[in-house]
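[1] Let me see the structure of the following:
(one chain, ligands or ions: 1)
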Amino acid sequence: MSSALETLRRDFGGDIIEPGDAEYEAVGRSKLAAGSPAHVLRPRTAGDVQAAVRFAAGSGLTLSVRGGGHSFAGFGTNDGGVVIDLSRLASIEVLDDERHLVRIGGGATWGEVAAALTPHGLAISSGDTKSVGVGGLTLSGGIGWKARKYGLALDSVVAAEVVTADGEVVAASADENPELFWAIRGGGGNLGVVTAFEFVAHPTTEVFFGKITFPQAEAVEVLQGWADHLRTAPEELTSIANLANPLAGGPAAPVEIHVAFDGDDPELAARALDPIRRLGTVLDDDVAPHAYADILVEGGSPPPGIEVLAHDGFVDRESVPEVLQILAEVGTSPGSPSIAVRSVGGAVSRVPADATAYARRGAELMVATVAGGPAAVVEAARAHLDAIWEKLDPHINGAYANFLTAATEEDVAAVYPAATYERLAAVKRQFDPSNLFAHNHNVRPE
Ligand SMILES: Cc1cc2nc3c(=O)[nH]c(=O)nc-3n(C[C@H](O)[C@H](O)[C@H](O)COP(=O)(O)OP(=O)(O)OC[C@H]3O[C@@H](n4cnc5c(N)ncnc54)[C@H](O)[C@@H]3O)c2cc1C
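    A predicted model of the protein is given here:
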């Protein structure tokens, strides 16, 4: 046994899972990617994370840090390297009921958070899926059902505990290491392992939630009317328009307008939602009050052998009509990927672009396409997907890291405007000069 491994076994109190171990099959892969790491390290404490980071740094092996394991790019696993799997660092503690201050382990999932906060009448603007990790979603943004009212998940973060590349535990907040605090809010996993986040949660009631569907022949009018309405609708309304839902007929599927109205007053909800109902011929409308924790869906993991290709882009106001026109055509034509158009704006866009490392604050919409299937099917679909994005590209302004399967230099440049990238690189030079944390949309320290 190498001396680095001996030191790890001495200092690390969590699980060490290696090829041949009973659990290896389950923990080697992440939710969307196969992998065959040499060591999966599952820490129980920040001290274990320190030992794991020191081991990885000393080994020279590729390092993947896994929160909830949902990265489309497969960042949560690798072949032959080290995976630090944070799933046992998942405690959720309300620190201060009056200030709504909540401390959450870096490996918790949003379903666990929503369930733990419901008895306190609290929630955090996050995402739409229970099994998605607090870590990955928050560090790159977090666009969920309360986005227009409360902003991104990362906008509610007030402090974090970070294990940096040298194995030290560092505090990040407005008062302590403020540049690191700026950088982790948008810089993804580039800066270190976040062992705990502190969020200010929001009081929540039941929310009006559901979907209103329209015939696909009305796609253009419905989408344009939907986007117009969101400009003046109350910020309690956050919405996603879906086209070509593969579970509802793909390109033959109706246009689905999913809505979340953050409040339990039926009159206010109706005032925000009725203009959507008037956009076309309503086929179905199941909007009803639900507990916030219940509107998050289960995630699930595609069976081995199924690949997923995701791509996304932000749309500024002036490009909305062109983009929706293109999407309405694409989404109702054969071979369409599944398309989701998320409303942002509202509280997301009130935060200055340089206040966090998530800089694409001006967008009104975020478009994501997802195609999946056996490798050969996905490969065959690639040219069609590329053609769709070529058509969209002149109207797109940057990308959201969290729905990208690819992580090329072009993708990184789409995620980070030049000024953000340079500032991140400076923080990277300070906290990770040798680029240990590279398995992400990588900001290089040089
Ligand atoms: C089914 C599904 C639904 C989704 N819904 C939404 C949604 O509603 N809104 C939205 O904004 N996004 C959504 N996403 C995208 C999601 O935000 C990203 O996939 C995100 O990367 C997942 O985070 P994770 O921790 O689960 O993934 P992981 O694969 O574990 O991590 C992703 C990246 O973050 C890093 N990381 C994770 N945790 C930590 C940590 N504690 N410290 C340091 N680095 C860390 C990893 O190293 C990796 O680079 C969804 C994805 C899926 C698959």
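[2] Contacts made by the longest helix anywhere in the chain with the rest, please.
    Counting residues, the longest helix found in the chain (DSSP state H) is helix 375-392. Helix 375-392 has contacts (CB atoms under 8 Å, 6 or more residues apart in numbering) with 305, 307-309, 311, 313, 323, 326-327, 330, 335, 337, 367, 369, 371-373. Yep, even glycine has a C-beta here, placed from its N, CA and C like the rest.
[3] ok, of those, which come out buried?
    Among these, those that count as buried by neighbour count (16 or more other CB atoms under 10 Å) are 307-309, 311, 313, 323, 327, 330, 337, 367, 369, 371-373.
[4] Name the nearest residue to Gln261, sequence neighbours excluded.
    Check again: residue 261 is Phe, not Gln. Leaving aside its sequence neighbours, Phe261 sits nearest to Phe208 (CB to CB, 6 or more residues apart in numbering; 4.0 Å).
[5] what residues does the stretch 201-350 of the chain put near the ligand?
    Gly299 (CB under 6 Å from any ligand atom).
[6] Now the stretch 201-350 of the chain against the ligand: closest residue?
    Going by CB to the nearest ligand atom, the ligand is nearest to Gly299 of the stretch 201-350 of the chain, at 4.7 Å.
[7] you'd agree that residue is up against Val132?
    Yes - using CB atoms under 8 Å, Gly299 makes contact with Val132 at a distance of 6.2 Å.
[8] any low-confidence regions in the stretch 1-150 of the chain?
    Scanning the stretch 1-150 of the chain for pLDDT under 70 picks out the ranges 1.
[9] returning to what we had before: report the set of residues contacting both of Gly299 and Val132.
    His70.
[10] number of nearby residues for the closest residue to Gly335 other than its chain neighbours?
    Excluding the flanking residues, the one nearest Gly335 by CB to CB, 6+ apart is His384, at 5.2 Å. Here the count is done by other CB atoms under 10 Å, and His384 has 15 residues near it.
[11] Please apply the same query to Gly121.
    Using other CB under 10 Å: Gly121 sits among 14 other residues.
[12] now swap in Phe55 and tell me
    Number of residues near Phe55 (other CB under 10 Å) recorded here: 25.
[13] just checking, what packs against the host helix or strand of it?
    Secondary structure here is read from DSSP states H and E; on that basis Phe55 sits in helix 46-59. With contacts taken as 3 or more CB pairs under 8 Å, 6 or more residues apart in numbering; DSSP states H and E, helix 46-59 sits against helix 3-11, strand 39-42, strand 63-66, strand 82-85, strand 157-163, strand 193-200.
[14] Give the next helix or strand downstream of the longest one.
    Next along the chain after helix 3-11, taking DSSP H and E as the criterion, comes strand 15-17.
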